[in-house]
Each structure stands twice: as C-alpha cells, then as structure tokens.
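In: Only the shape, not the letters, is given here:
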C-alpha cells in the first residue's frame, strides 16, 4: 500500500433552475399593485394611521380643527397629512364655511377598505 490516499470523487453540483423549488402566486397586476402601494405609503406615517383610525370610528365627518386638537401639530402639518390621505383615495373632504370636514372615502377600493377595516 502506498502512502498516497485516494480522493473521493464527488458528483458535480447541478445548476439550479430558476423557479423550480416552489410555485409562487402570479404577480399583482400593475394598477392594483400601484394602488396598494399608495395606500401603504399613505398609512406609513403614524399620524396618518391615527387619523384613519379616528375617521373609521367617527359617526360624522371630522373637522380639521378636531385633528389639530387631537395632535400636537400645527394646522399646516395636519393639512399636509390629510392631503396625503386624499391623494391615496382614502378620504374625501368637504368645505363648510371656513372649516373643512373629512370622512373615509365611501368609494375607496375594496383593497383599501380591507386595510382600513383592520385598524378598528
């Protein structure tokens, strides 16, 4: 017997084929994905999340003055947050004299409604 030891032979590691391990659901269609992303961006701020919660619990539209009283924020900042929620299609606003009142958008998408319903 000689002093050299034989190296064990190994089978080559097969190349992995993309997408072969687990079937995945199809991607969300583009417009639906964009809408969902806009809703999550709008709710990605704690103030806006709280505002949506307050609106979901309210029996009547909420005045901007009530939001300024509920948060330690100035009216321009509150208006900025409300604009973001409006842009995402989550709320609608109406003017009554010098005040603006806000409520959940009754025509928001079903996906947005599901997210809002989770908050209360």
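Out: Arrived safely, thanks for sending. Here the structure is a predicted model, which means the values were calculated and not measured. Numbering: from 1, shown residues only.

In: Pass me the low-pLDDT residue ranges in the chain, would you?
Out: 1-8, 14-17, 19 (pLDDT under 70).

In: tally of neighbours for residue 91?
Out: Number of residues near residue 91 (other Cβ atoms under 10 Å) recorded here: 24. Any C-beta I mention is one placed from the backbone N, CA and C, and that applies to glycine too.

In: Next, work out how far apart the nearest residue to it once chain neighbours are set aside and residue 37 are.
Out: Closest residue to residue 91 in three dimensions, ignoring its sequence neighbours and counting by Cβ to Cβ, 6 or more residues apart in numbering: residue 85, at 4.6 Å. Counting by Cβ to Cβ, to the nearest Å, the gap between residue 85 and residue 37 amounts to 15 Å.

In: List the contacts of stretch 44-63.
Out: 42-43, 67, 70-71, 73, 81-82, 84-85, 90-91, 94, 99-104, 116-117, 119-120 (Cβ atoms under 8 Å, 6 or more residues apart in numbering).

In: Noted, bye for now.
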